[in-house]
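>>> 3D, please:
(2 chains)
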Protein chains: 2
Amino acid sequence: MTEKKKLILVVNDDGYEARGLEAMVEVAKSFGEVVVVTPDRAQSGKAHAVTMNEPLRLNLYKTVDGIPYWRTNGTPTDCMKLGQKVVLKDRPIDLVLSGINHGSNSSVSLIYSGTMAAAVEASFESIPAVGLSLLDYSPNADFTAAVHFGKIIVKQVLEKGLPPYVCLNVNFPKLPIEEIRGIKITRQTKGFWHEELVERTDPYGGKYYWLAGYLENIDDGEDTCEWALQHGYVSVQPVQSDMTAYSAINDIKYLENEFKR
Amino acid sequence: MTEKKKLILVVNDDGYEARGLEAMVEVAKSFGEVVVVTPDRAQSGKAHAVTMNEPLRLNLYKTVDGIPYWRTNGTPTDCMKLGQKVVLKDRPIDLVLSGINHGSNSSVSLIYSGTMAAAVEASFESIPAVGLSLLDYSPNADFTAAVHFGKIIVKQVLEKGLPPYVCLNVNFPKLPIEEIRGIKITRQTKGFWHEELVERTDPYGGKYYWLAGYLENIDDGEDTCEWALQHGYVSVQPVQSDMTAYSAINDIKYLENEFKR
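I've put the predicted structure just below:
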């Protein structure tokens, strides 16, 4: 039996120049044929945005070691779609890897994350997908441990697959390999961004605001992503796109009686 | 006992000129004090995007019947944050209403929806929030039935509240009041957008792409939003921001054994 080479699409949200992209390619290329499609600039906080009202550009800007690198004016989710439909012309993709993100996508940051959105997008069609993030926002972050553990996780995903319509949200603590205590399967930490809107004044007297803030963790569970990361573990979280609050269905069932023919 | 007047923040994703915004204000103003914060242009498909890398502008552009209308260059989620923090200076909000969207936010469209993202953002802090959408993309859509049923639903939400961290995704079929069969509490329909990337060529020979497609429903359940809407019901769906795929946790638990100290 000859084993077919795996086809891996790499996308990110930090743009084509990010160091984390090179780390992601390093993980991907040990497992098969790699194609890269990324935004042409940083796209942090773009969540699952898609570009509907303006045209999408796409161009091949370099090929390194046989790996084609494409870039687009679109969002991370657009990268996934353009990669699948235009670059790969619907060839079956074995794996989508998104990242490695500069900064955490734990807790509610998952909801704002373009990195994770691209992975979720792939999961809609049950393409195995993993979003990877390192808890270090620095452009010069050290991805050594992330690459090491990324390979361990990706190898298993390629061998064993993922449940249908599920992707993985993987977050790495900012620690060297030898200080990482292990891998934990986690649930999403309850929390929210405690916002501040910092006011400034332009030279013409006009006011403007910068969005800033910090994550408020309101969850003391020991099975959460935040707990795992704070205790030196890699957090691996299964993510789905069904946002139905099933536990609330009965609580609001009475609404059906407010209007009946 | 004197009842305090309710404070209602209205946001949308179709921008300050949308007809659906006027419909939303019509619903809101029958229940209390209303403040409007909307994008300064249409923001369809922006999902939960937030503006981090550029300054946010905010200005009061009109006051009608005592209701202040603010607009910003930000996303729907930014509207919610600016409304809460800057316009209302952290006064306790009783309800966030988002919409009324021109077009459906059923099934997986929920994930791409700026309308629903603003409601989800409010739910992070357990502010009751409802996103409302009409299955009619026309700028001249008739919101009569949506306003009628919107008032029925909002009245109940204000009286009875919502479970913590849960908001509502309300979709109205494109039908006159007398043909609507009732209200159904639903779950999110499994499906995905079947994408096409339509290629065009600019006058200089450069290629570009338009994102287009249609929703593929892969769910034959009779408790879904798509089923309800296709059968003439208003769909009311409880939505949460926890995207953990709990049913998959055991399936991937083996990953914890791949690295142990």
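>>> sec struct for the closest residue in space to residue A:55 that isn't next to it in sequence, please.
Nearest residue to residue A:55, sequence neighbours excluded (C-beta to C-beta, 6 or more residues apart in numbering or on different chains): residue B:208, at 3.8 Å. (C-beta placed from N, C-alpha, C; glycine too.) Following DSSP: H, G, I helix; E, B strand; the rest coil, we place residue B:208 in the strand state.
>>> now do the contacts for residue B:208.
Residues in contact with residue B:208 (C-beta atoms under 8 Å, 6 or more residues apart in numbering or on different chains) are A:55, A:56, A:57, B:199, B:200, B:201, B:202.
>>> look up the pLDDT of it for me, please.
As predicted, residue B:208 sits at a pLDDT of 97.
>>> now, which of the contacts of residue B:208 sits nearest residue B:119?
residue A:56 (28.1 Å; C-beta to C-beta).
>>> surely residue A:58 is in contact with residue A:69?
No - Residue A:58 is beyond contact range of residue A:69, at 11.6 Å (criterion: C-beta atoms under 8 Å).
>>> quick one: which of those two has more around it?
Neighbours per residue, other C-beta atoms under 10 Å in any protein chain shown: of residue A:58 and residue A:69, the larger number sits with residue A:58, 22 against 19.
>>> ramachandran angles for that one?
Phi and psi for residue A:58, reported as degrees, to the nearest 10, are phi -150, psi 120.
>>> list the contacts for the nearest residue to it once chain neighbours are set aside?
The shortest distance from residue A:58 to any non-neighbouring residue, by C-beta to C-beta, 6+ apart, is to residue A:72 (4.7 Å). By C-beta under 8 Å, 6+ apart, residue A:72 lies in contact with A:37, A:38, A:39, A:40, A:56, A:57, A:58, A:59, A:78, A:79, A:82.
>>> now, of these, which are buried?
Using 16 or more other C-beta atoms under 10 Å in any protein chain shown as the burial test, these include A:37, A:38, A:39, A:40, A:56, A:57, A:58, A:78, A:79, A:82 as buried.
>>> quickly name whichever of those residues is closest to chain B.
residue A:56 (4.4 Å; C-beta to the nearest C-beta).
>>> contacts only, for that closest one.
For residue A:56, the contact set (C-beta under 8 Å, 6+ apart) comprises A:72, A:73, A:74, A:78, A:82, B:197, B:208, B:209, B:210, B:211.
>>> 7 Å - rerun?
For residue A:56, the contacting residues are A:72, A:73, A:74, A:78, A:82, B:208, B:209, B:211, by C-beta atoms under 7 Å, 6 or more residues apart in numbering or on different chains.
>>> ok, now residue A:49?
Applying C-beta under 7 Å, 6+ apart, the residues near residue A:49 are A:75, A:77, B:45, B:46, B:47, B:49.
>>> tell me the pLDDT of the second one.
The one in question is residue A:77. We have a pLDDT of 97 for residue A:77.
>>> also the fourth one?
According to the prediction, residue B:46 has pLDDT 95.
>>> distance from the chain centre to stretch A:238-249, please.
Relative to the chain's own centre, stretch A:238-249 is displaced by 19 Å; criterion: C-alpha atoms, centre = their mean, to the nearest Å.
>>> ok, and does that stretch reach over to chain B?
Yes - interface with chain B: stretch A:238-249 contributes A:238, A:239, A:240, A:241, A:242, A:243, A:244, A:245, A:246, A:248, A:249 (C-beta under 7 Å from any C-beta of the partner chain).
>>> can you list contacts of the longest helix anywhere in chain A?
Determined from DSSP state H, the single longest helix within chain A is helix A:144-160. Under the criterion C-beta under 7 Å, 6+ apart, residues A:6, A:23, A:26-27, A:30-31, A:94-95, A:97, A:100, A:128, A:130, A:132, A:134, A:170, A:172, A:175-177, A:180, A:234, A:236, B:255, B:258-259 lie in contact with helix A:144-160.
>>> please pick the buried ones from those residues.
Neighbour-count burial (16+ other C-beta under 10 Å) applied to the contacts of helix A:144-160 gives A:23, A:26-27, A:31, A:94-95, A:97, A:100, A:128, A:130, A:132, A:134, A:170, A:172, A:175, A:180, A:234, A:236, B:255, B:259.
>>> now do the strand or helix carrying residue A:77: which elements does it pack against?
Under the criterion of DSSP states H and E, residue A:77 resides in helix A:76-82. When contacts are defined as 3 or more C-beta pairs under 7 Å, 6 or more residues apart in numbering or on different chains; DSSP states H and E, helix A:76-82 packs onto strand A:6-11, strand A:32-39, strand A:67-72, helix A:114-123, strand B:191-201, strand B:207-217.
>>> and among these, the most buried is which?
Among the helices and strands packed on helix A:76-82, ranked by average contacts under mean count of other C-beta atoms under 10 Å in any protein chain shown, first place goes to helix A:114-123 (a mean of 30).
>>> and that one, how far out from the chain's middle?
6 Å.
>>> next, the angle helix A:144-160 makes with the helix or strand that that helix is followed by.
Per DSSP H and E, helix A:114-123 leads on to strand A:129-134 as the next helix or strand towards the C-terminus. Going by axes from the mean of the first three to the mean of the last three C-alpha atoms, to 10 degrees, strand A:129-134 is angled at 170 degrees with respect to helix A:144-160.
>>> strand A:129-134 close to chain B?
No - contact of strand A:129-134 with chain B is not found when judged by C-beta under 7 Å from any C-beta; the minimum separation is 11.0 Å.
>>> now for that strand, which elements pack on it?
Using 3+ C-beta pairs under 7 Å, 6+ apart: strand A:129-134 touches strand A:95-102, helix A:114-123, helix A:144-160, strand A:167-172.
>>> okay, these in CSV with mean pLDDT next?
Converted to CSV, the helices and strands packed on strand A:129-134 look like this (pLDDT from 0 to 100):
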stretch, mean pLDDT
strand A:95-102, 98
helix A:114-123, 98
helix A:144-160, 97
strand A:167-172, 98
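>>> give me every residue in the stretch 101-250 of chain A lying close to chain B.
Counting by C-beta under 7 Å from any C-beta, the stretch 101-250 of chain A sits next to chain B at A:108, A:110-112, A:124-125, A:149, A:152-153, A:156, A:163, A:166, A:181-185, A:187-188, A:192, A:195, A:197, A:200, A:208-211, A:236-246, A:248-249.
>>> for the residues you listed, I'd like a selection string for PyMOL - just the buried members, please.
Here is the PyMOL selection string for the buried members of those, based on 16+ other C-beta under 10 Å:
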select buried, chain A and resi 108+110+111+112+124+125+149+153+156+163+166+182+183+184+185+187+188+192+195+197+208+209+211+236+237+238+239+240+241+242+243+244+245+248+249
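>>> output the below-cut-off pLDDT ranges for chain A.
In the predicted model, chain A carries pLDDT under 70 at residues A:1-3.
>>> ok so, going back, the longest helix of chain A: which residues count as buried?
Neighbour counts over helix A:144-160 (16+ other C-beta under 10 Å) mark A:145, A:146, A:147, A:148, A:149, A:150, A:153, A:154, A:156, A:157, A:158 as buried.
>>> chain center to it: distance?
Chain-centre distance of helix A:144-160: 15 Å, with C-alpha atoms, centre = their mean.
>>> can you check stretch A:29-38 too?
The answer for stretch A:29-38 is 16 Å, by C-alpha atoms, centre = their mean.
>>> that stretch close to chain B?
No - judged by C-beta under 7 Å from any C-beta, stretch A:29-38 makes no contact with chain B; its nearest approach is 12.1 Å.
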